[in-house]
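*Asks:* based on what follows, work out the 3D shape:
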Amino acid sequence: ADPAPHRPRATASAGPSAASTATLIQVCTRLIAYWAVQELTGGEGAGLDWEQKGLSNEQRAIYDDIVRAAHAERDAHGPDAARRLIERQAAQRCTAANGATYNSENWRPPT
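*Replies:* Numbering: from 1, shown residues only. This next block holds a predicted model:
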């Protein structure tokens, strides 16, 4: 007898939702960490605005906070400490916000 037909539907549908949230968190973390390091080091694209960087309104707010904290951390403890702070805070904040995908009504994708 195959037990698969007796699985509850909720279990089958919970997986993709959790995977989707995990993907959103990963994308958020990578975007914010990448752009924060670029801003901190004056790297490629440092002068782009948040829409050009592909950030949501909510991600932009997190990014702004992290960049401010990273500048202070760099001044106090050096660039390596600032990068660790960026990675740690991006992961924490994106996880807490489930990927931080909120956009206000005024947001429009770049054309």
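
*Asks:* which residues does the spatially most central residue of the chain contact?
*Replies:* In the chain, the residue lying closest to the centroid (Cα atoms, centre = their mean) is C28, at 2.0 Å. C28 makes contact with 59, 62, 90, 94, 97, 99-101 under the criterion Cβ atoms under 8 Å, 6 or more residues apart in numbering. Backbone N, C-alpha and C define where each C-beta goes, glycine included.

*Asks:* do the same with A70
*Replies:* The contact partners of A70, by Cβ under 8 Å, 6+ apart, come to 36, 40, 82-83, 85-86.

*Asks:* quick one: the helices in this protein, in order.
*Replies:* In the chain, the segments counted as helices under DSSP state H are 9-41, 57-77, 79-96.

*Asks:* now the second one: average pLDDT?
*Replies:* Going back to what we said before, that points to helix 57-77. For helix 57-77, the mean pLDDT works out to 96.

*Asks:* now do that helix against helix 9-41, angle only.
*Replies:* 50 degrees (axes from the mean of the first three to the mean of the last three Cα atoms, to 10 degrees).
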